[in-house]
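Visitor: Below: sequence and its predicted model.
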Amino acid sequence: MKRYSGFAVAREGLNYHLGWGRAWRNPAPRKKYDVIIVGAGGHGLATAYYLGKNYGIRNVAILEKGWLGGGNTGRNTTIIRSNYLQDPSAAIYEKARSLYETLSQDLNYNVMFSPRGLLMLAQTHHEVRGYRRTVYANNLQGVETEWIGPDRVKQLVPIINIDGPRYPVLGALYQARGGTARHDAVAWGYARACSDMGMDIIQQCEVTGIRQANGKVTGVDTTKGSIDCDKLGLVVAGHTSVLAEMGGFRLPIESLALQALVSEPIKPCMDVVVMANTVHGYMSQSDKGEMVIGGGTDGFNNYTQRGSWQHVEETIRALVETFPMISRLKMLRQWGGIVDMTGDRSPILSKTPLGNCFVNCGWGTGGFKAIPGSGWAMAELMAKGAPGPLTEEFSMYRFREGKFIDESVAAGVAH
Ligand SMILES: Cc1cc2nc3c(=O)[nH]c(=O)nc-3n(C[C@H](O)[C@H](O)[C@H](O)COP(=O)(O)OP(=O)(O)OC[C@H]3O[C@@H](n4cnc5c(N)ncnc54)[C@H](O)[C@@H]3O)c2cc1C
């Protein structure tokens, strides 16, 4: 595959750009693979990539029922941060954040990582205490965050109203190297690199059954026929319960729609990401100028991959006191994705009751930021057949044993 570079752009420019090849192949499935990954979202593709890169396992198929990156990976609001409270969370999210720093070079694909700085506003005294505690924890974990006062918040975000009557801004948890990346590009970059290693990404190929013998997976049934494998990875976010049921086991996962919206494009006015967890909303500005706005999940379980009117109203109403300027913006479009929520709001990267079947799910409303770290850790789990330092706490059995990694207490909004 041709490397992308400034030189390549110049060379192709002289040739009317006719020489660019396809970024990934579109192969028909083979009869058997060493590893099958179900789900070509960011986590599935990253798992495949690090299986190839770190462990030399390249006879891999990634099966996708729609188009690659068309699930939550292509629907999220792209926030990247690692300021989590609990040690296991901080470790895996910081691994991911640090991989994002050089991901474009690693994949030879511009994922537009933009560490523009991220603020989590404290708008109640309870939050002040909570975020100060997180800063202390982060400093011990090697995650660089700091507590900043309202004046510094105003300096970083001139459009903010820090003197709101209900929820004044009392300060913020600030992560200077948090930010955003281009979500599609993350999926496309991993896909291109996987395809380049000889892996097969098979789109429009829904897994409809998991074949087993003697407590192990032998292969999967798909809309493109049966495919055998030695190891199976389930990385399907909101559809995890459906796949687990095919495998004959249950997971403590609920599927919910999470929605987001963008405004009409406006001139640059905010160059950081701001999360306001008390009122339940967050906002950043895209390179196109749109204000990217998100809120909470629907209040009921569902598989409805789309937006709803009441969500626009709820989220804007929540944010308008802190950002009065959005009252005059037209909202351009909205959408939804099906997120996979666990009780403690932490992910599951785990062996399953089927010996050679592994599951990566439960990233809920906040898994985009984790993609490189999750892929790295899941590849280790699948290659070695045993959890490594990044995954050992994230077993599916922790719910049975009461060993929660309780990020639900640490953050009202987890994006
Ligand atoms: C509106 C919204 C905003 C968000 N904002 C943020 C944010 O700001 N920051 C952040 O870190 N996270 C955010 N998230 C969460 C983040 O998007 C997800 O945690 C992450 O993208 C999950 O990636 P994934 O690869 O696990 O899942 P997905 O990208 O959903 O991929 C799973 C894939 O599995 C496929 N699949 C399902 N069933 C089958 C089957 N039977 N056979 C074959 N394929 C199948 C699906 O089609 C899908 O493509 C947000 C999510 C949403 C919806």
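Guide: Cool, got the structure.

Visitor: Now do the helix or strand that contains Gly209: which elements does it pack against?
Guide: Under the criterion of DSSP states H and E, Gly209 resides in strand 207-213. Under the contact definition 3 or more C-beta pairs under 8 Å, 6 or more residues apart in numbering; DSSP states H and E, strand 207-213 sits against strand 216-222, helix 240-247. C-beta coordinates here come from the backbone N, C-alpha and C atoms, glycine included.

Visitor: Tell me which residues of the following helix or strand past the longest one come out buried.
Guide: Past helix 240-247, further along toward the C-terminus, the next helix or strand under DSSP H and E is strand 254-265. Within strand 254-265, the residues that qualify as buried are 254-263, counting by 16 or more other C-beta atoms under 10 Å.

Visitor: just stretch 176-196 next, same as before
Guide: 177-196.

Visitor: For that stretch, what is the distance to the chain centroid?
Guide: The chain centre lies 11 Å from the centre of stretch 176-196; the measure is C-alpha atoms, centre = their mean, to the nearest Å.

Visitor: Could you do stretch 147-154 as well?
Guide: Relative to its chain's centre, stretch 147-154 lies at 28 Å (C-alpha atoms, centre = their mean).

Visitor: what does it contact?
Guide: The contact list for stretch 147-154 (C-beta atoms under 8 Å, 6 or more residues apart in numbering) reads 119, 121, 131-132, 135, 156, 160, 162, 168-174.

Visitor: Sort out for me which of those residues are in helices.
Guide: Taking DSSP state H as the definition of helices, these contribute 131-132, 135, 156.

Visitor: farthest pair in those?
Guide: Using C-beta to C-beta, the two most remote members of those are Arg132 and Leu156, lying 18.2 Å apart.

Visitor: out of the buried residues of strand 254-265, which one sits closest to Gly13?
Guide: Nearest to Gly13 among those, counting by C-beta to C-beta, is Val262 at 32.1 Å.

Visitor: and the spatially closest residue to the closest one that is not a sequence neighbour, how many neighbours does it have?
Guide: In this structure, Val262 finds its nearest non-sequential neighbour in Glu290, 4.0 Å apart by C-beta to C-beta, 6 or more residues apart in numbering. Glu290 is flanked by 19 other residues according to other C-beta atoms under 10 Å.

Visitor: close enough to count as contact, Glu290 and Met331?
Guide: No: counting by C-beta atoms under 8 Å, Glu290 does not reach Met331; the two are 9.6 Å apart.

Visitor: shared neighbours, these two?
Guide: In contact with both Glu290 and Met331: 262-264, using C-beta under 8 Å, 6+ apart.

Visitor: Could I get these in a markdown table, plus columns for distance to Pro29 and pLDDT?
Guide: Formatted as a markdown table, the shared contacts of Glu290 and Met331 follow (distance: C-beta to C-beta, whole Å; pLDDT from 0 to 100):
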| residue | distance to Pro29 | pLDDT |
| --- | --- | --- |
| Val262 | 37 | 97 |
| Ser263 | 42 | 97 |
| Glu264 | 43 | 97 |
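
Visitor: Kindly format the C-alpha coordinates of the helix or strand hosting Arg129 as PDB.
Guide: In the assignment (DSSP H and E), Arg129 maps to helix 125-141. This file holds the C-alpha atoms of helix 125-141, laid out as PDB (Å, rounded to 0.1, in the frame of the first residue of the first chain):
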ATOM      1  CA  HIS A 125     -19.900  22.300  46.000                       C
ATOM      2  CA  HIS A 126     -20.200  18.500  45.800                       C
ATOM      3  CA  GLU A 127     -18.500  18.600  42.300                       C
ATOM      4  CA  VAL A 128     -15.700  20.900  43.600                       C
ATOM      5  CA  ARG A 129     -14.900  18.200  46.300                       C
ATOM      6  CA  GLY A 130     -15.200  15.400  43.800                       C
ATOM      7  CA  TYR A 131     -13.000  17.000  41.100                       C
ATOM      8  CA  ARG A 132     -10.300  18.100  43.600                       C
ATOM      9  CA  ARG A 133     -10.200  14.500  44.700                       C
ATOM     10  CA  THR A 134      -9.900  13.300  41.100                       C
ATOM     11  CA  VAL A 135      -6.900  15.700  40.600                       C
ATOM     12  CA  TYR A 136      -5.200  14.200  43.600                       C
ATOM     13  CA  ALA A 137      -5.900  10.700  42.300                       C
ATOM     14  CA  ASN A 138      -4.800  11.500  38.800                       C
ATOM     15  CA  ASN A 139      -1.500  13.000  40.100                       C
ATOM     16  CA  LEU A 140      -0.800   9.700  41.900                       C
ATOM     17  CA  GLN A 141      -1.800   7.700  38.700                       C
END
